[in-house]
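> Show me how the following folds:
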Amino acid sequence: MISQRVATTFILITFLGTAPLTPAQDGERALLIVDPSNPESLYVANHYAEKRGIPPQNMIFMRPGTTDYSTFVATNMQGFVGELANTGMSAQVDFVVIPPSDNYYISAPGLIADQCSPVTRFTVPGAYGLYRQSADIQAGLPINTPNHFFKSIYSGNAFDSEQTYYFGVPSSNANAESYLIPTMLGYTGNRGNTLQEVLDMIDRSVAADFTAPLGTVYYMETTDSARSSPRHDKYPLAVDRLNIAGGAGQHLLSVLPLGNHDCLGVMTGWASPSISDPNFSLLPGSFADHLTSYAGSFWTGSQTKMSAWITKGASGTAGTIEEPCNYSGKFPHPLLHVAYYKGVTLGEAWFRSTGFMPFQSLFLGDPLTRPYGRPPFVDLPGAPQNPVSGTIVLSPVASGTAPGANIAKLDLLMDGVRLDTTDGVGTFTLDTTELTDGWHDLRIIATDSKLQRNVGRWAGSLVVDNLGA
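Numbers count the residues shown, from 1 in each chain. Below you'll find the model as predicted:
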């Protein structure tokens, strides 16, 4: 009953009228893998889809996890890839998003070589995000295999799953790689978050979009050298770059920024920080993490869990699901907060800041959070209000709202699937005889010319009547 009621609400809210669905954008870039046997997964997926304007086509219903990586490749991945191909979305989505399910990792011993500590598990979202690398993974890879979207510069680069990257730049090099950004909305099992905490996280993240909140990122240098030193030498430059960009950052010698209630971000290195301490506060849209071994290892009570940051009020956090050793490439680089401030989504900023392929690294939160984005204005004058037939012409108008932004492209989506693309000006000619008679979800997506690739949406409906049925 839960899934039926929420699904009905989703349809009613999403598809009536021709105004934008919500202030939130970017929903068309996310693909949800929803466990149909798990009421919490269904509930959260429908709530998130409603808030983010995610088309129903962007929801795959299957159990996301499995016992081990070889089974994942033989079964889950085949279904996943087949569904992407059947729906025509293989090159359309940038994020794979797992709602809360009964697990967050799969067994994967003996595949990734690490001289420090054996790699025995992959995150569930990581397995999907790296599906194009599955053959290489099965053949064996070193732990420091680079995430080629990573680059240790303090810019805000948008991510595109259609693009191959090589050491941080778009490239056609034979060794260039393409990915999906792997994320999880929450974990509601033991030591995770409650269902309500996950729903609250989604709501505050959507509400934070485009608000340009005023606050400070706190980079904490602690006395725990093993957990602090992989990042704290990079803090001064990150603070400098953030301040130059117009934000605010501080490099403090402590575990937590106690006494501060304007935290847009916290980076620290400590095994068991007192995240629940009321003497500091996180603002909506914030990202916070603590570099330690077991922040994402919900199977053990050792060390403070990353879920505590979500309880505290963060929109996103990251941690590792088993002993990672203190390789800096397994943890977010301080550039994350600078890229985020410059206007990309939180998921893009996290993935840009992660040096190694995220085998063990887990992102929890809303990857589409974009408080510093500037979505283009999009409209469709003369949008059809009555049933249509034959060939029709759609003439959208769009303009950038970020300083110096032009419209780089317009996409026409029908029922969540991209049918056509034009440059910043132009019309779409649509042959409705290629569509089934009846109701359809019609969207125009505008992407601007900025490095951050801000996205704007017009959404409405189209009723087709060619057969008079």
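> quick one: the residue nearest in space to the middle of the chain from residue 466, how far?
In the chain, the centroid-proximal residue (CA atoms, centre = their mean) is residue 367; its distance is 2.8 Å. Separation of residue 367 from residue 466 (CB to CB, to the nearest Å): 39 Å. Backbone N, C-alpha and C define where each C-beta goes, glycine included.
> what does residue 45 give?
If you measure residue 45 against residue 466 using CB to CB, the figure is 33 Å.
> Check residue 116 too.
When residue 116 is compared with residue 466 (using CB to CB), they lie 64 Å apart.
> In contact with residue 65, which residues?
For residue 65, the contacting residues are 76, 101, 102, 103, 104, 105, 106, 124, by CB atoms under 8 Å, 6 or more residues apart in numbering.
> hmm, which of the residues you listed are the buried ones?
For the contacts of residue 65, a burial check counting by 16 or more other CB atoms under 10 Å picks out 76, 101, 103, 104, 105, 106, 124.
> what's the pLDDT at the closest residue to the last one other than its chain neighbours?
Here the nearest residue to residue 124 in space, its sequence neighbours aside, is residue 65; by CB to CB, 6 or more residues apart in numbering that works out to 4.8 Å. Predicted confidence (pLDDT) for residue 65: 94.
> So residue 65 lies in a helix, does it not?
No - looking at residue 65 with DSSP: H, G, I helix; E, B strand; the rest coil, it is coil, so not inside a helix.
> sorry, back to before: among the contacts of residue 65, name the ones in strands.
Among those, DSSP state E puts 105, 106 in strands.
> least confident pick among the contacts of residue 65?
On pLDDT alone, residue 102 ranks lowest of the contacts of residue 65, at 78.
> wait, that one sits on residue 189?
Yes - under the criterion of CB atoms under 8 Å, residue 102 makes contact with residue 189 at 6.7 Å.
> Can you tell me the SS state at the closest residue to residue 66 other than its chain neighbours?
Distances taken as CB to CB, 6+ apart put residue 72 closest to residue 66, at 5.0 Å, once the chain neighbours are dropped. What three-state DSSP gives for residue 72 is helix.
> quick one: buried residues of the strand or helix carrying residue 250?
Assessed by DSSP states H and E, residue 250 sits inside strand 249-252. Burial within strand 249-252, assessed by neighbour count using 16+ other CB under 10 Å, is assigned to 249, 251, 252.
> In terms of secondary structure, what does that strand contact?
Applying 3 or more CB pairs under 8 Å, 6 or more residues apart in numbering; DSSP states H and E, we find strand 249-252 packed against strand 216-220, helix 235-244.
> List the strands paired with the helix or strand following that strand, with their directions.
As assigned by DSSP H and E, the chain's next helix or strand after strand 249-252 is strand 263-268. Strands that pair with strand 263-268, judged by DSSP bridges, come out as strand 216-220 (parallel), strand 282-290 (parallel).
> Residue 45 and residue 466: who's more crowded?
Ranked by neighbour count (other CB atoms under 10 Å), residue 45 and residue 466 place residue 45 first, with 28 against 16.
> Assign the more buried one to helix, strand or coil.
Residue 45 ends up helix, using three-state DSSP.
> so who does it touch?
Neighbours of residue 45 in contact, by CB under 8 Å, 6+ apart: 32, 34, 59, 99.
> Is the second one in contact with residue 43, as I believe?
To tie it back to what came earlier, the one meant is residue 34. No - the pair residue 34 / residue 43 is not scored as a contact, 10.0 Å apart, by CB under 8 Å.
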